[in-house]
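**Student:** Mind folding the following:
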Amino acid sequence: MMSETEFAGDGAAGIETRFSSGVYKKREITIVRGAGARVWDSEGKEYVDCNAGHGVAVVGHCNEAVVRAVSEQAARLMTCSETFCNDVRAELLSHLASVMPGDLDRFFLCNSGTEAVEAALKFARLATGRTGFIATMRGFHGRSMGSLSATWEPKYRRPFEPLVPGFSHVPFGSTAALEEAVGPDTAAVILEPVQGEGGVHAAEPEYLRRVSEICGENGALFVVDEVQTGFGRTGRMFAIEHSGAVPDIMCMAKGLGGGIPVGAVALGSRVGPIPTSVHGSTFGGNPVACAAALATLGFIRDADLPGRAAKLGEYFVARLKSIRSPLIRDVRGIGLMVGVELKQRSGPAIQALMDRGVLALAAGATVVRFLPPLVVDAGDLDFVANALEEVLATVYA
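**Tutor:** Below you'll find the predicted structure:
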C-alpha cells in the first residue's frame, strides 16, 4: 500500500484524488485559508467566495466570535449526548425559540440538512399517522434515502431507486396542483421557500400562505426546508417570513453553525410530543456545535445580517441586471441568494470566474449561483459583477 508521503509531490489535490471516494468532482485549486468573504489557495491566490461552503459561511470564514466560542468550549467539554442535559445546549434551544416564527418552539438537534429533513419526515408520520408526502418539482432536500425521495432531480434519484415509497411531486408554485394532490393519506407537504439547487426560484408569498391553508384544511403538516435560506440569507431570518406563513415543521442547517456542522428541526403545536427513543443522533446537540451556533446567532443579531443581506442583495441584483449581454436570460434573487440564468451551460462561466478570483456555484445546467457570506461588502460584489461581465464578453465569444 502506498504511503501519503509517496503522493507528497502531488500536493493535497493528488492525495485527495487518490484516497477520496470519487463522489465529488474536485476543482483544481486547494483552499487553505479564509477570512470574512475571502479565501486563499495554496499558491496564495485570493478569491471572493460566493460559494461559501454551499451557503454555510453566513457570518464569514473564521468569524472571530465563532472561533473563540468553539475554542473555549472545546477546552471545557466536547461531547455530551442528549441523554444528559447540558448548559450550552439549553442556552441554544432557548435562543432558537426566541427567533422562530409562530409557535415553533421545540427542537431536534442533528448535524446536517439531510439529517434534519429525515427527522422531519419521521416526525410528520408520527404526528399524523399517515405515510404520504408531497414535494415540488425542482426541489432539493438532500441525498440520504428519505430526503432523496423528496428531491426532484432524476440524476440524483435514479442510481438509488427504488426509494422510500409514498412521495409524489407537483409543480412549484401551483396551488391547483397541490389542492388536487393532497389527500387523506398525506402526512406533509415539504418545500423550499426559495429553490436553491433548482435554479434560485423564490415562491410567491400568496402561494406559501395557501400551501399552509391547504395543509391545515386536509390534516397534513406543512414542512419548510430552510437549510439554505435560513439565518439571514434572504433578507429575513428565515425566508418563510417574507410570506407571513408559519410552517408546522422547519428544517435548518448550513448557516446555523458558522462553519461547524449543525442541523436542527423546529416543531410547532400541531406536532404532538415525540415519543422517547423513536429517533436520535449521537453527535446532535454536542456542546461544541451548540457553542458555535450560539455565537453565530449572536453575531447575526448584533450585525443585523438579515438587514445587510436585504440591502446588499438589492444592490447586487441591480448591478448584475445592468450587464448588457445577450447570454443572460434572467437575473433573480432574494437577499444574498442570487442566480444568473444563461442561455448557455454555466460550467465555462463558473470556471472562468474562478480563474478571475471569484468562486461561484451552479444551480442546474445554466444558472450561475452566488451565495456570498453576509459580511461581504459592496466593493466585493462589484468585483464579482465586473468579473462576470468580462467572462460573458470573452469566454463564450
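**Student:** so what's Phe172 up against?
**Tutor:** Thr136, Met137, Arg138, Gly139, Leu191, Gln195, Gly198, His201, Ala203 (C-beta atoms under 8 Å, 6 or more residues apart in numbering). C-betas here are computed from N, CA, C, even on glycine.
**Student:** what do you get for Val189?
**Tutor:** Phe133, Ile134, Ala135, Leu178, Val182, Val211, Ile214, Cys215, Ala220, Leu221, Phe222, Val223.
**Student:** circling back: which members of the contacts of Phe172 are the farthest-apart pair?
**Tutor:** Met137 and Ala203 (12.6 Å; C-beta to C-beta).
**Student:** how is the protein carved up into domains?
**Tutor:** Annotated domains of the chain cover 4-59+304-394, 64-302 [automatic domain parsing].
**Student:** Tell me how far the last one lies from the chain's centre.
**Tutor:** Translated: domain 64-302. 10 Å (C-alpha atoms, centre = their mean, to the nearest Å).
**Student:** State the distance from the nearest residue in space to Ser42 that is not next to it in sequence to Ile15.
**Tutor:** Using C-beta to C-beta, 6 or more residues apart in numbering and skipping residues adjacent in sequence, the residue nearest Ser42 is Thr30, 4.2 Å away. Counting by C-beta to C-beta, to the nearest Å, the gap from Thr30 to Ile15 is 10 Å.
**Student:** related to what we said a few turns ago, which members of the contacts of Phe172 are classed as buried?
**Tutor:** Thr136, Arg138, Gly139, Leu191, Gln195, Gly198, His201, Ala203 (16 or more other C-beta atoms under 10 Å).
**Student:** just these now: which is nearest Lys343?
**Tutor:** His201 (17.5 Å).
**Student:** Any regions of this protein where pLDDT drops low?
**Tutor:** 1-10 (pLDDT under 70).
**Student:** Tell me which residues of the helix or strand hosting Leu121 come out buried.
**Tutor:** Counting by DSSP states H and E, the element that carries Leu121 is helix 113-128. Judged by neighbour count (16+ other C-beta under 10 Å), helix 113-128 contains these buried residues: 113-128.
**Student:** try stretch 332-352
**Tutor:** Neighbour count says stretch 332-352 has 332-342, 346, 349-350, 352 buried, by 16+ other C-beta under 10 Å.
**Student:** do the same with stretch 184-192
**Tutor:** Quick answer for stretch 184-192 (16+ other C-beta under 10 Å): Thr186, Ala187, Ala188, Val189, Ile190, Leu191, Glu192.
**Student:** hang on, isn't the fifth one packed against Phe140?
**Tutor:** Looking back up the chat, that one is Ile190. No. Applying C-beta atoms under 8 Å, one finds Ile190 not in contact with Phe140, separated by 11.1 Å.
**Student:** any idea how far the residue nearest the centre of the chain is from Phe167?
**Tutor:** Geometric centre of the chain, nearest residue: Gln228, 2.0 Å, by C-alpha atoms, centre = their mean. Taking C-beta to C-beta as the measure, Gln228 and Phe167 are separated by 20 Å.
**Student:** Over to Ala176?
**Tutor:** 20 Å.
**Student:** What are the boundaries of the helices in the chain?
**Tutor:** Using DSSP state H, the helices of the chain run over 11-19, 52-55, 64-76, 87-99, 113-128, 145-150, 154-157, 175-181, 205-218, 287-302, 305-321, 347-355, 378-394.
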